[in-house]
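> Have a look at this fold, sequence not included:
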C-alpha cells in the first residue's frame, strides 16, 4: 500500500490534505491507468455526497479526467453503491466517488470503481499513485477533438432506486419506517425507494447544507433516531452513513440492531430459501462473539477476515459466497451489488420483517450480543502500525488477553483512514471491560504521542 491510498481510497481534510491539485492529478492518473487498454474514448462516472468541498474536488477531478480524453458523466449527489451499480449499468469504463463516508464534513475522499463495479486492488492503486507522484509519466496528452468533455446524466437517482427496489420480491405496505439520512447521499434515494414500496416513511436528518453531514446523526450517531422511532410509534428505524454504503436499524422499542444482527437475520432467511451459498456468511474479526455462537446453532459457517469490506469481498469472490459484511452495517449482498449498499441492505432486512410478520425486536433476538466496548487512541502517524513495538503496550495487551482467554477477547487495530488505534474488548461484564479498554487506550495514546 502506498502513501496516498488508504483502505478506502484517498482521504483527508479537503483543501488541506486533499487539495484541488491532488484531485486533478488523481483524476488524470486514475483515468490513464484504468483506461489505457481502451481503444475508444473512455467513459467515467462521478458521484459525490453532500459535502461543500465536493464541488471543488469534482471540478478538479473532472479536469484531470478530461485531460486524458475521457467522457465524464457527473451523477450529482448519489450513494457510493449507486456509482458501483451504475458503472455496470451504463457500461462505463470506471466510476469515481467523492466522499469521506462517515467522517466529519471537513474531510473528503476519492475512490474508484473499475468497469465491473469493484473497488481497485492494491496493485492498481499503487500504479495510479506512481503516476500521481511522478514516478511514472503519462506522456503525450490528447489535443484537438480528442480532449475529453462532460455529458450530464439526469436519470441516475431513478435508475438506482429502481434497481434497489428490484432486489426484493415484496412490498412494504403496512410498515411505518423512520429513516435517518445522515444529511448525506441517501437523502433522496432512501425516501423514494421506501415510498415506492408502499411504506409509511418519516425522515430525519435529510436536509443537507454541505456542513451537517454525519453531524450527530446517521449510523455513527444513533441516539436521535432511537428517540424518534419511539416518539412516532414507528415499526422500525433505518440509519445510513454519509455516503450510504452502510446501514443500521432501530427496533420499535428504540434499541439498536447492529450489522451482526442484520447479517444473521438475512443469512437465516436466505438459508431457509436455499439461497445462502454454501450456508456461509463472511464476517470480520470485529464481529461480536454472539454472531459466531448463533451461526453454530443455525448451521451457518462464518469465516473471519481482517477488518475492511475489501477483505470481506475478497473472501466472498474467492470462495463463491453471496453474503458478508461488518458489524458497522457495511453489508455486501453479492447477488445484487459489488460493494456494501445501505439501501439494498435495508430492503433485504425490511423484506424479512414483512414476510415473517415479526417485529424488529423479535428478529433481533436471533443472536445474543455479548458486551463489547471500543475506545480510540489518537496517535502520531508513525506509531499507527508500530505501537506493538513499545514493550509496555505489548506487555499490557498480553496481560489482558491472558486474563480474558475463553471468556472474551481483545482486538487492537489501526484505523485505515485516521491517525487512530482502535481498542476493542469483549466480555460478559460491561463495566469491567469498559475500564480495561479505556485504560489500554489511554496507555497507547500516552506512549504514542
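That came through, no problem. The model shown is predicted, which means the values in this text are computed figures rather than measured ones.
> mind giving me the domain ranges of the protein?
5-154, 158-364, 372-447 (automatic domain parsing).
> Turn those domains into a markdown table, columns for mean neighbour count.
C-beta coordinates here come from the backbone N, C-alpha and C atoms, glycine included. Shown next, in a markdown table, are these (neighbours: other Cβ atoms under 10 Å):
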| stretch | mean neighbour count |
| --- | --- |
| domain 5-154 | 20 |
| domain 158-364 | 21 |
| domain 372-447 | 17 |
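> Worst mean pLDDT among those domains?
When these are compared by mean pLDDT, domain 372-447 comes last with a mean of 89.
> Can you give the distance of that one from its chain's centre?
Here domain 372-447 is found 23 Å from its chain centre; the criterion is Cα atoms, centre = their mean, to the nearest Å.
> how about the helices of the stretch 101-250 of the chain, start to end?
Secondary structure of the stretch 101-250 of the chain by DSSP state H, counting those that start in this stretch: the helices cover 122-132, 156-166, 189-196, 223-232.
> With residue 412 as the reference, name the closest of these.
helix 122-132 (22.7 Å; Cβ to Cβ).
> Run through who's touching that closest one.
With contacts defined as Cβ atoms under 8 Å, 6 or more residues apart in numbering, helix 122-132 is touched by 1-5, 22, 25-26, 28-30, 32-34, 112, 114, 120, 136-138.
> Among these, which lie within strands?
5, 112, 114 (DSSP state E).
> check contacts around the first one.
I take that to be residue 5. Residue 5 touches 122, 125, 126, 128, 129, counting by Cβ under 8 Å, 6+ apart.
> Kindly state the beta-bridge partners for it.
As for beta bridges, residue 5 partners with residue 10 under DSSP bridges.
> so who does residue 59 touch?
Here residue 59 is in contact with residue 20 (Cβ under 8 Å, 6+ apart).
> hmm, 7 Å instead?
For residue 59, no contacting residues are found, by Cβ atoms under 7 Å, 6 or more residues apart in numbering.
> same thing with residue 408?
Contacts of residue 408 by Cβ under 7 Å, 6+ apart are 425, 426, 427, 428, 433.
> let's go with 6 Å and repeat that
Residue 408 is in contact with 426, 427, counting by Cβ atoms under 6 Å, 6 or more residues apart in numbering.
> Against residue 303, how distant is it?
Note on residue 408: its distance to residue 303, by Cβ to Cβ, to the nearest Å, is 21 Å.
> So which of the helices of the stretch 101-250 of the chain is nearest residue 82?
helix 156-166 (3.9 Å).
> outside of that closest one, which residues touch it?
75, 78, 82, 85, 86, 188, 189, 192, 193, 196, 343, 344.
> Phi, psi for the fourth one please.
It stands for residue 85. phi -70, psi -50 (degrees, to the nearest 10).
> quick one, what contacts it?
So residue 85 contacts 163, 337 (Cβ under 6 Å, 6+ apart).
> if you set the cut-off to 8 Å instead, what comes out?
117, 160, 163, 337, 338, 341.
> Identify the residue nearest the fifth one in space, chain neighbours excluded?
Beyond its immediate neighbours in the sequence, the residue positioned closest to residue 338 (Cβ to Cβ, 6 or more residues apart in numbering) is residue 117, lying 3.9 Å away.
> Would you confirm that residue 424 belongs to a strand?
Yes. Judged by DSSP: H, G, I helix; E, B strand; the rest coil, residue 424 forms part of a strand.
> Is it bridged to anything, and to what?
Here residue 424, judged by DSSP bridges, has bridge partners residue 374, residue 411.
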